[in-house]
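Colleague: could you work out the structure for the sequence below:
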Amino acid sequence: MLFTLTSEQKQSVIWISLWGALLFLLFLLSSVLTPFIAAAMLAYALNPGVDKFTEFRIGKFYLPRSLAVVLVILIFLSAVLALILIVVPVLQKEGVQLRDQIPTFLLKLNTWAGPKLREYGVHQALDIDSIKILLNKQ
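Modeller: Residues are numbered from 1 along each chain as shown. Prediction:
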């Protein structure tokens, strides 16, 4: 054998291998696990609101947890809907202005970054036509 490992090194190799295998498994199952991870994060974020609502008293009765969950979800969805209703019209208006300013931005980027890229051997112009060609190649 070329070299021998101490017990601490063997333990480290085992743990690194296990973590690597776990990360590889998570990578393989990412499309399946994504909704569950998103739901867990949402539940974790909204749980304090549910706890606050369950502390409320209506007369001598406490608000049931299931009703508190429904209220918190409705409040969350209302906030998301309000955000969408506020942001989408602004994006529609600003998107036209952004589209008109892209050629100017690319010209400034090309004059600034072009010489730096050529120093590193990248001979690519940063104008609209060359970017379209570059994107269509891939």
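Colleague: name the helix or strand for the residue most central in space within the chain, please.
Modeller: Nearest to the geometric centre of the chain sits Ala38, at 10.5 Å (C-alpha atoms, centre = their mean). Here Ala38 sits within helix 30-55, counting by DSSP states H and E.
Colleague: any idea how far Glu55 is from the residue nearest to the centre of the chain?
Modeller: Distance from Ala38 to Glu55, counting by C-beta to C-beta, to the nearest Å: 27 Å. Bear in mind the C-beta positions are built from the backbone N, C-alpha and C, glycine included.
Colleague: tell me what the helix or strand where Asp100 lies is packed against?
Modeller: Per DSSP H and E, Asp100 falls inside helix 65-119. Using 3 or more C-beta pairs under 8 Å, 6 or more residues apart in numbering; DSSP states H and E as the contact test, the elements touching helix 65-119 are helix 30-55, helix 128-137.
Colleague: on that earlier part again, by how many degrees do the helix holding Ala38 and helix 65-119 diverge?
Modeller: Inter-element angle recorded for helix 30-55 and helix 65-119: 140 degrees (by axes from the mean of the first three to the mean of the last three C-alpha atoms, to 10 degrees).
Colleague: JSON lines for the helices and strands packed on helix 65-119, including distance to Ala68?
Modeller: Listed next are these as JSON lines, based on distance: least, C-beta to C-beta, whole Å:
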{"stretch": "helix 30-55", "distance to Ala68": "4"}
{"stretch": "helix 128-137", "distance to Ala68": "49"}
